[in-house]
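Undergrad: What would the 3D arrangement of this be:
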Amino acid sequence: RTLTPGALLGETVLGREPGSGTRMVLEHFFKDNGLALPPVNVMDSNENIKQAVMANMGIAFISKHTIQLELQTKRLVELPVEGTPQLRTWYVLHPKDKPLSPAAQKFKTFVERQGPQFMAEFFAESLG
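TA: Have a look, this model is predicted:
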């Protein structure tokens with residue numbers, strides 16, 4: 001069954017430090033659902049968060065690409081919560097006044113042209 005965001009309020013939440021991208025997604029998720037952010041047990045790496053969840057120490061908001069192996073081996077499960085997954089916009093950044101090397105330009109072009117399709121296929125495969 002699908003959980004409501006409010007159902008998470010009684011859980012111990014594990015997360016990254018304030019200011020990290022993952023933490024900002026967590027904060028916005030609760031705010032967008034009209035809920036106060038529960039206390040977050042801060043951990044300094046995604047690996048520590050994964051290990052803590054596997055040790056039954058709490059739940060976490062974490063990028064799905066970081067837990068693919070644990071999902072495939074069934075060491076972790078994705079909770080079906082309304083309003084998730086929270087998708088992020090990715091940007092290619094580079095210094096304005098510095099020309100890109102040929103390799104960097106090829107990478108930028110790849111990300112701009114093929115990135116959205118790649119991510120859609122990547123996450124479709126991870127759902128199956």
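
Undergrad: Would you map the strands across the chain?
TA: Secondary structure of the chain by DSSP state E: the strands cover 13-15, 40-42, 59-60.

Undergrad: ok, the residue sitting nearest the centre point of the chain - contacts?
TA: By C-alpha atoms, centre = their mean, the mean C-alpha position of the chain lies nearest to residue 63, the distance being 2.4 Å. Contact analysis of residue 63 by C-beta atoms under 8 Å, 6 or more residues apart in numbering lists 22, 46. Yep, even glycine has a C-beta here, placed from its N, CA and C like the rest.

Undergrad: closest one to residue 91 among the strands of the chain?
TA: strand 13-15 (22.8 Å; C-beta to C-beta).

Undergrad: Show me what the closest one is in contact with.
TA: In contact with strand 13-15 (C-beta under 8 Å, 6+ apart) are residues 22-23, 26, 38-43, 49, 52-53, 57-61.

Undergrad: That strand - which strands sit beside it in the sheet, and in what orientation?
TA: Its sheet considered, strand 13-15 pairs with strand 40-42 (parallel), strand 59-60 (parallel) by DSSP bridges.

Undergrad: Show me the contacts of strand 13-15 that map onto helices.
TA: Judged by DSSP state H, helices contain the following of the contacts of strand 13-15: 22-23, 26, 49, 52-53.

Undergrad: Make a markdown table out of the residues you listed and add distance to residue 114, pLDDT and neighbour count.
TA: Converted to a markdown table, the ones in helices among the contacts of strand 13-15 look like this (distance: C-beta to C-beta, whole Å; pLDDT from 0 to 100; neighbours: other C-beta atoms under 10 Å):
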| residue | distance to residue 114 | pLDDT | neighbour count |
| --- | --- | --- | --- |
| 22 | 25 | 88 | 19 |
| 23 | 29 | 92 | 17 |
| 26 | 29 | 93 | 21 |
| 49 | 30 | 97 | 25 |
| 52 | 35 | 97 | 17 |
| 53 | 32 | 97 | 21 |
